[in-house]
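Engineer: Generate coordinates for the sequence data below:
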Amino acid sequence: QVQLVESGGGLVQAGGSLRLTCATSRRSFIGYDTAWFRQAPGKEREFVAAVTWTGGSVRYADSVKGRFTISIDNVKIRVYLQMNSLDPEDTAVYYCAARGATTMRPSTQRNGYDYWGQGTQVTVSS
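Structural biologist: Numbering: from 1, shown residues only. Take a look at the predicted model:
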């Protein structure tokens, strides 16, 4: 069983920045793809960004391209989501997800991930 813990959420004004962190109960993320999803009130959980454990392949939702950056640290124990130019439309609970790496590119599908964190709230005020 892999446990994931998100941190870094909060309240920020439109145009501001936040950095989310995902940590794992395993020794590292080696061998796992990691992704961020988000869920706004009354909406489906949607893909935001994903990264392979090597950091060599990343994928983004069109809505966050150019504003958000996903990365994994050099020792492969934390995955980050740097969020810039935040908009009220980005308000949601953000979830970290992981799965054993099986392909060269990380999945963008919710059902492609086996392990989920509890989520961290991001609120962007206008």
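Engineer: C-alpha from now on. contacts and neighbour counts both.
Structural biologist: Fine.
Engineer: Relative to residue 45, how far out is the residue most central in space within the chain?
Structural biologist: Residue closest to the average C-alpha location in the chain (CA atoms, centre = their mean): residue 36, at 2.2 Å. Distance from residue 36 to residue 45, counting by CA to CA, to the nearest Å: 10 Å.
Engineer: what residues are up against the residue nearest to the residue nearest to the centre of the chain when sequence neighbours are not counted?
Structural biologist: Of all residues not flanking residue 36 in the chain, residue 96 sits nearest, at 4.7 Å (CA to CA, 6 or more residues apart in numbering). By CA atoms under 8 Å, 6 or more residues apart in numbering, the contact list for residue 96 reads 4-6, 22, 34-37, 116-117, 119.
Engineer: those helices in this structure, which residues are they?
Structural biologist: With DSSP state H, there are no helices along the chain.
Engineer: just the strands in it please.
Structural biologist: 4-7, 10-13, 18-24, 32-39, 46-51, 58-60, 68-72, 78-83, 92-100, 115-116, 120-125 (DSSP state E).
Engineer: tell me what the last one is packed against?
Structural biologist: With contacts taken as 3 or more CA pairs under 8 Å, 6 or more residues apart in numbering; DSSP states H and E, strand 120-125 sits against strand 10-13, strand 92-100.
Engineer: Same check on the shortest one?
Structural biologist: For strand 115-116, the contact count by 3+ CA pairs under 8 Å, 6+ apart identifies strand 92-100 as packing neighbours.
Engineer: Tell me what angle the strand it packs on forms with strand 18-24.
Structural biologist: Here strand 92-100 runs at an angle of 40 degrees relative to strand 18-24 (axes from the mean of the first three to the mean of the last three CA atoms, to 10 degrees).
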